[in-house]
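**Q** build me a structure from this.
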Amino acid sequence: MRLPLTLAPVALAAMIATPALADTITLSGTGTVRAAPDMATVNTGVTTQAETAREALDANTEAMADLIAALREAGLEDRDIQTSDFSVSPQYVYSDQRDENGYTLPPEIQGYQVSNAVTIIVRDLEILGPVLDQAVTVGANTINGVSFEVADTEKVEEEARKLAVANAVAKAETYAQAAGIVLGSIESITEVNAPQPPIPMYRGQMMEMAADASVPVEAGEMAYSITTTISWEIEDDRN
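**A** Modelled structure (predicted):
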């Protein structure tokens, strides 16, 4: 019968040593900042076809040399021109004819295709239209989209963080007033995931080809969003 008497003080000490968890309130806030982009990334290149791979490659090499020279002449630096794709592939002709056993005849090589593409960064949007126009003029026959960016994203994201915190604080104050509680000190501030990729906010057509003028380009705006989660202690105001 002595065993329960020995364990009782230990259990009582454990209960005294364990502090009660404070009540908390946790809310999230989102901050969004819109900024006009100041640079663009374009993928452009040349695709050539010929009877032999050598002929297709020679034609492509000459056209790409003209394209890169034109890009440099337009004001792009070497660091802003990077090869992003190169391929040599046979071009097949498929037939519906069948052999004496009824099997479809295998495809035959009709020629070869060579594709070479570069990714360019245009740091002055004033020359983006002329750059695209000049690229096509000297032989570029593939342009795979234009993406816009803000060079100093850190500054934009910092502003979005401030707005996100302010949004969370405003929500917390509203809930506290409605619930009749008092916000205490902040326990934690967490940024939910990484900053969200910027969302283009177009204000017009992105690109429209014209034969007698440079390519019109509308950069629009980029929207940068960040979400933060903040936890507050709830003060005990019963005293």
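
**Q** okay, CA-based contacts and neighbour counts for the rest of this
**A** Will do.

**Q** which stretches of this protein have low pLDDT?
**A** The model of the chain has pLDDT under 70 over residues 1-22, 193-213, 237-239.

**Q** make it 80
**A** Within the chain, the ranges that satisfy pLDDT under 80 run 1-22, 98-102, 105, 193-215, 236-239.

**Q** what ranges does it have for its strands?
**A** In the chain, the strands defined using DSSP state E lie at 24-35, 39-50, 81-93, 108-122, 142-149, 182-191, 199-201, 221-235.

**Q** other residues contacting the fifth one?
**A** I take that to be strand 142-149. 37-47, 200, 219, 222 (CA atoms under 8 Å, 6 or more residues apart in numbering).

**Q** would JSON lines of the strands of the chain with mean neighbour count and distance to Ala63 be doable?
**A** Output for those, formatted as JSON lines (neighbours: other CA atoms under 10 Å; distance: least, CA to CA, whole Å):
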{"stretch": "strand 24-35", "mean neighbour count": "18", "distance to Ala63": "37"}
{"stretch": "strand 39-50", "mean neighbour count": "21", "distance to Ala63": "7"}
{"stretch": "strand 81-93", "mean neighbour count": "14", "distance to Ala63": "14"}
{"stretch": "strand 108-122", "mean neighbour count": "19", "distance to Ala63": "10"}
{"stretch": "strand 142-149", "mean neighbour count": "16", "distance to Ala63": "12"}
{"stretch": "strand 182-191", "mean neighbour count": "14", "distance to Ala63": "49"}
{"stretch": "strand 199-201", "mean neighbour count": "16", "distance to Ala63": "33"}
{"stretch": "strand 221-235", "mean neighbour count": "20", "distance to Ala63": "34"}
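
**Q** what's the angle between the longest helix seen in the chain and strand 182-191?
**A** Taking DSSP state H as the criterion, the chain has its longest helix at helix 153-179. Orientation note: helix 153-179 sits at an angle of 150 degrees relative to strand 182-191 (axes from the mean of the first three to the mean of the last three CA atoms, to 10 degrees).

**Q** buried ones in helix 153-179, by neighbour count?
**A** For helix 153-179, the neighbour count (16 or more other CA atoms under 10 Å) marks 156-157, 159-161, 163-169, 172, 175 as buried.
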